[in-house]
Each structure stands twice: as C-alpha cells, then as structure tokens.
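Engineer: based on what follows, work out the 3D shape:
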Amino acid sequence: MIYLLRHGETDFNVKNLLMGQLDIPLNANGISQAHSAITDVTKIKFDYIFSSDLARARQTAEIINKHLNLNITFDKRLREVGLGELQGRERKNITACEWEKFNERPELFGGEPWCRIFSRAKSFIHEISSYKGDILVVGHSGLFKIMMCYADNKNFKDFMRYFIQIEIPHSKIQTLGYLKSTNTRTTRKDQNTQ
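Structural biologist: Purely as a prediction, here's the structure:
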C-alpha cells in the first residue's frame, strides 16, 4: 500500500503565500504537526519512506523517521509544482486572468510545464509500484493531487477538478492505494482515505 503524507505547516501557509519549489522550512506548528502524525504513522509497519528534498517535506520525514528507523530516499521528482513568478505571491493578489494563463501555459510565468510535472509523477509511481510492502511518501499537496489523478486513470482535463476538489491536510495520512503496474498505466485498486 502506498500512503501519502503532506508536510507540516510553514509560515508561507499561514500567510497564504504560494511556495511552489521555494525551499521553505516548517514553522513551530508544522513541527508539532509532524510530531502529531507519528501516532498514525506508527500504526502501520512501513517498509520504505520517500520524501521530497525540499526542507518542509524533508523535516517532516526526518521527524517521523525517528520512530520508523528507515533509510529515507529523498527524491526530486516529489518536489511541489514549480510556480515560477507566482512563487512567494499572496494567493488573493493573483488575478483570475493570471491563474487562467498560468493553468494554460505555466512556462510563460517561468513555471514548470504540466507535461513535465505529470512525467515525473508518473515516473515515480511506476518505480514504486513494483515495491513490496507499505510505502510512506512525504511531499506536497499539488504533486499528490497529480499522483492521485494519474493513479485514478484520469487525464489532464480532469486534473483541474482534482486540484479544486481534493483537500490534502498537513501531516495527515492519505492512501494512494495498492498500485498495479502494467506496461502502459499504473492503476489504483483501492481509493480509501484515512
């Protein structure tokens, strides 16, 4: 089974600033959230732990791993969506027109093209779907939504609905499910959320 755990809170989250791939650490509450997640995490016997290499995810994984005692694999493919010029800006100050343009062509803002984001999510999912045992992945809500979209066999057009409809709270375990790798796709067998 693959489990997803979003990093703890940062000051950027509190101020409603877009982080993207900025390397922002956890704040005091985020550290507390990571410690609180240990209760749920230790109910599962994890065999592997993967994490984004960005500070907020790295710190969350390291706090939790004090109780798991596993080797953490830090993977750049698990980084948050790169938002280019939108990074560091307050959400409320980004116009609907800017969001629409960004969603159509993020590279115009120096952001990461959607095809590249989907490619790295797909690559990671395919790699870990061959692992035996329970896997904890510590990362970011944007990338997790892309992973869920892909694992549910949804296409890019469905992605924006995932982005809007799915809420991924800080430091709470979610399941990506049991993934079965095929030659062309990875499919999710179980969609339970804890």
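Engineer: where does pLDDT dip in this protein?
Structural biologist: 155-157, 161-164, 177-194 (pLDDT under 70).
Engineer: for this protein, which segments are assigned as strands?
Structural biologist: 2-6, 48-51, 72-74, 135-139, 173-177, 179-181, 186-188 (DSSP state E).
Engineer: could I get these as JSON lines with distance to V14 and mean neighbour count?
Structural biologist: Placement of C-beta: from N, CA and C, glycine included. Shown next, in JSON lines, are those (distance: least, CB to CB, whole Å; neighbours: other CB atoms under 10 Å):
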{"stretch": "strand 2-6", "distance to V14": "15", "mean neighbour count": "23"}
{"stretch": "strand 48-51", "distance to V14": "22", "mean neighbour count": "22"}
{"stretch": "strand 72-74", "distance to V14": "25", "mean neighbour count": "16"}
{"stretch": "strand 135-139", "distance to V14": "20", "mean neighbour count": "26"}
{"stretch": "strand 173-177", "distance to V14": "22", "mean neighbour count": "20"}
{"stretch": "strand 179-181", "distance to V14": "34", "mean neighbour count": "16"}
{"stretch": "strand 186-188", "distance to V14": "33", "mean neighbour count": "19"}
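Engineer: tabulate these in TSV, adding columns for distance to E90.
Structural biologist: Formatted as TSV, the strands of the chain follow (distance: least, CB to CB, whole Å):
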stretch	distance to E90
strand 2-6	21
strand 48-51	27
strand 72-74	29
strand 135-139	23
strand 173-177	27
strand 179-181	37
strand 186-188	35
